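1. I would like the atomic coordinates for the input below:
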Amino acid sequence: MEKPGKKLKKFLIITGTTGMVYAGLKYLLPLVAPFFIGYTLALILRPTVRFLRYRLRLCFFGRTWQLPSGLIGAAEMALIFAGLVFLAWQGILRLCREIQLLTVRLPLWLDAFDRWITDSCGRLERAAGLDSGCLSDAVGEMALTLGEKVKESLMPFLMVNSLPAAAFFARLFLVCLVSFLAAVLSLQEMEELRCRRDQSLFRREFNLIGNRLVQTGKAWFKSQGIILFLTCILCTGVMIWMGNPYAILAGTAIALLDALPLFGAGAILLPWAFLCAVGGQWRNALILAGLYLACYFIRQYLEARYMGSKVGLSALETLAAVYVGLELFGFFGFILGPLGLLLVEDLVEVWAGEKTETGK
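-> I've put the predicted structure just below:
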């Protein structure tokens, strides 16, 4: 039977570690995030930078010259950024073509919707014994009033949110710039940074946190990639089965929204299913509802199962950590939650072990 004093020490260690990890993820991480991103990019690019630096050696007058690691890393990141910009441009062009096709068909859809509203109102008028056209006129006036209200509310909304949006993009540009510079400098000073880490008094904690960050990051990106791929294939296949002319675009958009905790696949599929049900297209409504359930269970099962097996958490622990993380940290809680739980477990194990050994 353990002594009460030992239990109290363990409780205090757990409480203090939990508070420290929460404060670090909540307040310290946003401050050091650009440098952490830059250092991570430097670690990813380091093998190719070392290879190119060795291959691009120049000999002049008996002396060997090598390009700086930071310069090679900057060139690699510039090439990667150019490739991403090219892919984004191609995607924008494809989206513009789809929007052009949509604008051609939109009047036809609106005309069909207007006829459906008129027919529905006519059936209700005949069933209730009302004058012909009274319901359709009322619906038309309501639609006009709603349109005017939207126009009146849209401009104040844009005025109020334009400055915060501009500030967000300016801050995002600053974070990207600092991350780029941090990556270049980290490549240039990689050996010195490692020596400082190895000579630090907290080298054990640094190694533990770094290993957990790498392990959790790899597991998260791998699991999200698999889930995104499966969801995209499933949604695109169902769209093709339904005869949707925008199958690829719609399937990709649903899969990308499904990866966002604040939206999910239901942001598109559920309203779409409701509109199909209102229009009497029960087959399409059932297919879309079933597709939403399939996407939901794929994400919940694979995310908890796959990520939990990679980082050492059970499916229930992963689900609980993701939920708590979303409640505490917001959008990024789905990765900070499991990471925080793992850090608490590891640090408690290390510090409790040190306490026990010291006590002996």
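2. For residue 79, give me the pLDDT.
-> We have a pLDDT of 90 for residue 79.
3. ok, how many other residues are close to residue 51?
-> Other residues lying near residue 51 total 11 when counted by other Cβ atoms under 10 Å. Placement of C-beta: from N, CA and C, glycine included.
4. Show me where this structure has its helices.
-> Assignment of helices within the chain using DSSP state H yields the ranges 4-23, 29-55, 69-128, 134-188, 190-199, 203-242, 247-258, 266-278, 282-311, 315-329, 333-359.
5. residues contacting the closest residue to residue 240 other than its chain neighbours?
-> If the residues on either side of it in the chain are set aside, residue 240 comes closest to residue 247, at 4.5 Å by Cβ to Cβ, 6 or more residues apart in numbering. Contact analysis of residue 247 by Cβ atoms under 8 Å, 6 or more residues apart in numbering lists 236, 239-240.
6. Please apply the same query to residue 37.
-> Residue 37 neighbours (Cβ under 8 Å, 6+ apart): 175, 179, 182-183.
7. Among the residues you listed, name the buried ones.
-> Burial by neighbour count, judged by 16 or more other Cβ atoms under 10 Å, picks out 179, 182-183 from the contacts of residue 37.
8. Format those residues as TSV; extra columns: distance to residue 209.
-> Formatted as TSV, the buried ones among the contacts of residue 37 follow (distance: Cβ to Cβ, whole Å):
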residue	distance to residue 209
179	19
182	18
183	20
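9. which of those lies closest to residue 318?
-> Of all the buried ones among the contacts of residue 37, residue 179 has the smallest distance to residue 318: 28.4 Å, by Cβ to Cβ.
10. Show me which residues of stretch 172-185 are buried.
-> Neighbour-count burial for stretch 172-185 [16+ other Cβ under 10 Å]: 179-180, 182-185.
11. avg pLDDT for it?
-> Stretch 172-185 carries an average pLDDT of 87.
12. next one: stretch 268-286
-> In this model, stretch 268-286 has a mean pLDDT of 82.
13. Only C-alpha atoms, please: export that stretch in PDB.
-> Taking Å, rounded to 0.1, in the frame of the first residue of the first chain, the C-alpha atoms of stretch 268-286 are listed here in PDB:
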ATOM      1  CA  ILE A 268     -22.600  20.900 -47.500                       C
ATOM      2  CA  LEU A 269     -24.200  17.500 -47.400                       C
ATOM      3  CA  LEU A 270     -26.900  18.200 -44.900                       C
ATOM      4  CA  PRO A 271     -28.400  21.400 -46.500                       C
ATOM      5  CA  TRP A 272     -28.100  19.700 -49.900                       C
ATOM      6  CA  ALA A 273     -30.000  16.700 -48.600                       C
ATOM      7  CA  PHE A 274     -32.600  18.900 -47.100                       C
ATOM      8  CA  LEU A 275     -33.100  20.800 -50.400                       C
ATOM      9  CA  CYS A 276     -33.400  17.500 -52.300                       C
ATOM     10  CA  ALA A 277     -36.000  16.300 -49.800                       C
ATOM     11  CA  VAL A 278     -38.000  19.500 -50.100                       C
ATOM     12  CA  GLY A 279     -37.900  19.200 -53.900                       C
ATOM     13  CA  GLY A 280     -39.200  15.600 -53.800                       C
ATOM     14  CA  GLN A 281     -35.800  14.100 -54.800                       C
ATOM     15  CA  TRP A 282     -35.900  11.500 -52.000                       C
ATOM     16  CA  ARG A 283     -33.300   9.200 -53.600                       C
ATOM     17  CA  ASN A 284     -30.700  11.900 -53.800                       C
ATOM     18  CA  ALA A 285     -31.600  13.100 -50.300                       C
ATOM     19  CA  LEU A 286     -31.000   9.600 -48.900                       C
END
